[in-house]
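Q: coords below, sequence missing:
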């Protein structure tokens, strides 16, 4: 029955719905983050030099920015609707920790963006050049600060810090705002995400400019856009690689299972190799059906250890080590998953006892239960797992997504270097392979972005809040039919929005630059 | 300041090109679908819809947490 309450189906459909809407939403976001910077730079060039070509370039790219922004605006709200309807236990459990950054983001987005967007789009010839330029820069700042708060909230789910669980309200309450804001996970996530968004925007500008070059239109405009975007893109991709490295070190410490899944690493090693390419396949000899053996793998010795700890001989735990318990390279002892499941059950039982003791006014029992709960709270979520297998994320999508993301990132380095060189030498149009490669890199940049999110989000399964709440507990017990119905409605809505964006954008690109 | 901002918005929207008007129609239709169809009809907030006080919501989630395993 479509509308019966089927737990497995409900969880799967809710997850697919969230994944689908997040993927669609993130198609609109990165261009907003990065193109706003390029607009601000182009307009600065115009204000400083007075050259009209920079004004035309600013207005052209601003038009594409506006289309992307208008179509994408508020699509993220669907994710918030889902928190309330499909993930109500989660929404309540994360309490003000998730709510506070999102509320700040809402205020920032409304006041800063609503004010300065108007000036940026409609304020030409109505305000002074410098005021308009300030508005454009503030749109860039506002968009990126909005992203900061969203990513801080996401990072807290990956590495919950700065809070204490209140058993009276069943909520995690923030006790250290700065720990939440400046956790290494939050900082890495923010800088890695925004710099990758800048990279995507640079690919977009180079790709669209390449189309003009192939069509032999607006050649000087295209060349200048490519020069600017390739420098911006090159610096951005270097920062993306750097923050990818710091993210890897953070994941090694806070989410070792995700790292093991990214590598398809089953048994831990000292001097662990980084697999460049390989094929994770099922292997009956492995202790868990969720694990995979990497066949035909090409690996670089010791590099994974270096990425994890900046030490070529560091021990990197594999999935089996994490399940059975291990001591990390920095000496921290991690209990086995069965032990953590036992701790988690103690914590849940203590929560139950605490509630009953309060109802019966038994203060002593309540105090004992509270102490047991606090002692075992770091493993709270493990109490809901029925087997250690459930702590292993899907290896195959995480493994491939990571390699696609990194591989494309390296391709973009090449693109930016080649684009800059040939644009500078005014030979971009002579080697037709380059503009075609640049155009192909536009959708590939979106693929890389989405793969990054797949690594981050699928790799942390089964947790919605790392170690504290698994997906099956976060869910609202509603009829799966509703989730299926809204899934297809969202899919239709987003597909229509995407078609609208692409068709309006393509038509405006075809019209070209007003000179 | 607010009047100036209002004037910029008013003049901007009244002089939108054809594609800009189409974009605005899409934005308004999208917001209607999001807030009216999804938020109010299909995806109301589960806890807010069933419980009025924070205490009731806490009790519900607490029960969920201790009965799930």
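A: Looks like it came in fine. From a predicted model like this one, the values you see are computed outputs, not experimental measurements.
Q: gap between whichever strand or helix holds residue B:8 and the chain center?
A: Using DSSP states H and E, residue B:8 sits within helix B:2-14. Relative to the centre of its chain, helix B:2-14 is centred 24 Å away, using Cα atoms, centre = their mean, to the nearest Å.
Q: ok, now how distant is residue A:508 from residue B:66?
A: 56 Å (Cβ to Cβ, to the nearest Å). Where you see a C-beta, it was placed from the backbone N, CA and C, and this is true even at glycine.
Q: For chain B, which helix or strand comes out least confident on mean pLDDT?
A: helix B:2-14 (a mean of 81; mean pLDDT, DSSP states H and E).
Q: does the helix or strand that it is followed by come close to chain A?
A: Beyond helix B:2-14 on the C-terminal side, the first helix or strand identified by DSSP H and E is helix B:18-32. Yes - looking at helix B:18-32 against chain A by Cβ under 8 Å from any Cβ of the partner chain, the contacts come from B:19-20, B:22-24, B:26-27, B:30-31.
Q: Tell me which helix or strand the spatially most central residue of chain A sits in.
A: Compute the mean C-alpha point of chain A, and by Cα atoms, centre = their mean the closest residue is residue A:453, 4.2 Å away. For residue A:453, the element it lies in under DSSP H and E is helix A:433-458.
Q: Just checking: what are the partner strands of the next helix or strand after that helix?
A: Using DSSP H and E, the helix or strand that follows helix A:433-458 in sequence is strand A:463-465. With DSSP bridges as the test, strand A:463-465 is paired with strand A:469-470 (antiparallel).
Q: ok now the partner strand, how far from the chain's centre?
A: Using Cα atoms, centre = their mean, the offset of strand A:469-470 from its chain centre is 19 Å.
Q: Show me what that strand is in contact with.
A: The contact list for strand A:469-470 (Cβ atoms under 8 Å, 6 or more residues apart in numbering or on different chains) reads A:89-90, A:93, A:380-381, A:384-385, A:390, A:462-464.
Q: can you tell me which of those are in strands?
A: A:463-464 (DSSP state E).
Q: quick one: which of the contacts of strand A:469-470 is nearest residue B:7?
A: residue A:90 (44.2 Å; Cβ to Cβ).
Q: so can I have TSV of the residues of helix B:18-32 next to chain A showing pLDDT and distance to residue A:224?
A: Converted to TSV, the residues of helix B:18-32 next to chain A look like this (pLDDT from 0 to 100; distance: Cβ to Cβ, whole Å):
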residue	pLDDT	distance to residue A:224
B:19	87	25
B:20	88	26
B:22	89	30
B:23	89	27
B:24	89	31
B:26	90	31
B:27	89	31
B:30	89	35
B:31	89	37
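Q: Buried subset of those as a PyMOL selection?
A: PyMOL command restricting those to the buried ones, with burial defined by 16 or more other Cβ atoms under 10 Å in any protein chain shown:
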select buried, chain B and resi 19+20+23+26+27+30
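Q: I figured residue A:151 hits residue A:186, correct?
A: Yes - contact criterion Cβ atoms under 8 Å: residue A:151 and residue A:186 qualify, at 6.7 Å.
Q: Can you pick out the residue with more neighbours from these two?
A: Set residue A:151 next to residue A:186 and count neighbours by other Cβ atoms under 10 Å in any protein chain shown: residue A:186 wins out with 26 against 22.
Q: my read: the more buried one touches residue A:150, true?
A: No - applying Cβ under 8 Å as the test, residue A:186 and residue A:150 come out as separate, 10.7 Å apart.
Q: between the host helix or strand of residue A:152 and helix B:2-14, how many degrees?
A: Using DSSP H and E, the element containing residue A:152 is helix A:129-158. Inter-element angle recorded for helix A:129-158 and helix B:2-14: 90 degrees (by axes from the mean of the first three to the mean of the last three Cα atoms, to 10 degrees).
Q: buried set for the helix or strand just after helix A:129-158?
A: Remark: after helix A:129-158, the chain's next helix or strand is strand A:163-166, criterion DSSP H and E. Across strand A:163-166, burial judged by 16+ other Cβ under 10 Å covers A:163, A:165.
Q: Wondering if strand A:163-166 reaches chain B at all.
A: No - contact of strand A:163-166 with chain B is not found when judged by Cβ under 8 Å from any Cβ; the minimum separation is 8.8 Å.
Q: Give me the sheet partners of that strand and which way each runs.
A: strand A:171-174 (antiparallel).
Q: which residues sit against the partner strand?
A: A:92-97, A:100, A:160, A:162-166, A:180, A:465, A:468, B:58.
Q: burial measure for the residue in chain B positioned nearest to chain A, as a count.
A: Closest to chain A within chain B is residue B:12: 2.6 Å, counting by Cβ to the nearest Cβ. Per other Cβ under 10 Å, the neighbour tally for residue B:12 reads 17.
Q: residues from chain B in reach of chain A?
A: Residues of chain B lying near chain A (Cβ under 8 Å from any Cβ): B:5, B:7-9, B:11-13, B:19-20, B:22-24, B:26-27, B:30-31, B:33-34, B:37-39, B:42-48, B:54, B:57-58, B:61-62, B:64-66, B:68-69.
Q: Can you turn the buried part of those into a ChimeraX selection?
A: The buried subset of the residues of chain B next to chain A, as determined by 16+ other Cβ under 10 Å, is captured in ChimeraX by this line:
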select /B:5,8,9,12,19,20,23,26,27,30,34,38,39,43,45,46,47,57,58,61,62,64,65,66,68
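Q: measure residue A:156 to residue A:162 for me?
A: 8 Å.
Q: Which of the two has more residues huddled nearby?
A: residue A:156 (28 against 19).
Q: and the residue of chain A nearest chain B?
A: Closest point on chain A to chain B, by Cβ to the nearest Cβ, is residue A:122, at 2.6 Å.
Q: Now do the same contact list for the nearest residue to that residue once chain neighbours are set aside.
A: Distances taken as Cβ to Cβ, 6 or more residues apart in numbering or on different chains put residue B:12 closest to residue A:122, at 2.6 Å, once the chain neighbours are dropped. If a contact means Cβ under 8 Å, 6+ apart, then residue B:12 has A:118, A:121-123 as its contacts.
Q: got JSON lines for these, with neighbour count, distance to residue A:275 and secondary structure too?
A: Shown next, in JSON lines, are the contacts of residue B:12 (neighbours: other Cβ atoms under 10 Å in any protein chain shown; distance: Cβ to Cβ, whole Å; DSSP: H, G, I helix; E, B strand; the rest coil):
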{"residue": "A:118", "neighbour count": "20", "distance to residue A:275": "50", "secondary structure": "helix"}
{"residue": "A:121", "neighbour count": "23", "distance to residue A:275": "47", "secondary structure": "helix"}
{"residue": "A:122", "neighbour count": "21", "distance to residue A:275": "52", "secondary structure": "helix"}
{"residue": "A:123", "neighbour count": "22", "distance to residue A:275": "52", "secondary structure": "coil"}
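Q: Do you know the pLDDT at the residue most central in space within chain B?
A: The structure's chain B has its C-alpha centroid closest to residue B:35; by Cα atoms, centre = their mean the separation is 4.5 Å. Per-residue pLDDT puts residue B:35 at 87.
Q: Next: residue A:106.
A: In this prediction, residue A:106 has a pLDDT value of 73.
Q: likewise residue A:147?
A: Looking at residue A:147, the pLDDT reads 91.
Q: my guess is it contacts residue A:193, does it?
A: Yes - using Cβ under 8 Å, residue A:147 is in contact with residue A:193, at 6.8 Å.
Q: Those two - which one has more neighbours?
A: Ranked by neighbour count (other Cβ under 10 Å), residue A:147 and residue A:193 place residue A:193 first, with 27 against 19.
Q: Buried residues, the helix or strand harbouring that one. List them.
A: Under the criterion of DSSP H and E, residue A:193 resides in helix A:184-214. Across helix A:184-214, burial judged by 16+ other Cβ under 10 Å covers A:184-213.
Q: No further queries at this time; thank you.
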